[in-house]
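**Q** no sequence on this one, just coordinates:
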């Protein structure tokens, strides 16, 4: 059985999330467009897939995004970390 590793916590949630320029771009797209796939974030932000994936992993570890649908890699912003 293959397990979705994105649903496992990899980092201490108490670690502060570093919001750099690339993370800002990803968050801005969620705020303006709603739920997005990894591919859509790559297209809309102009960032590379590894960069987007790294930012999503960090946001997910801090519980600011949820992995909604595995087959399509759909993500949902649950809370804007900039509002904290």
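**A** Ah, there it is. Every value quoted in this text rests on a predicted model; they were computed, and no experiment measured them.
**Q** tell me which element residue 63 is part of?
**A** Under the criterion DSSP states H and E, no helix or strand holds residue 63.
**Q** Just to be sure, residue 68 is in a strand?
**A** Yes. Counting by DSSP: H, G, I helix; E, B strand; the rest coil, residue 68 is found in a strand.
**Q** That one: neighbouring residues, count only.
**A** Here the count is done by other Cβ atoms under 10 Å, and residue 68 has 13 residues near it. (Each C-beta comes from the backbone N, C-alpha and C, glycine too.)
**Q** Look up how far residue 16 lies from it.
**A** The gap separating residue 68 from residue 16 is 25 Å, by Cβ to Cβ, to the nearest Å.
**Q** go on, residue 32?
**A** For residue 32, the distance to residue 16 - Cβ to Cβ - is 25 Å.
**Q** now the strands: where do they sit in the chain?
**A** Using DSSP state E, the strands of the chain run over residues 36-37, 65-69, 74-77.
**Q** Just put those in CSV and tack on distance to residue 22 and mean pLDDT.
**A** CSV is the format used below for the strands of the chain (distance: least, Cβ to Cβ, whole Å; pLDDT from 0 to 100):
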stretch, distance to residue 22, mean pLDDT
strand 36-37, 15, 98
strand 65-69, 14, 94
strand 74-77, 15, 97
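**Q** Flag the shaky bits of this protein, pLDDT-wise.
**A** For the chain, the stretches flagged by pLDDT under 70 are 1-15.
**Q** again, 50 this time
**A** 1-3, 7-13 (pLDDT under 50).
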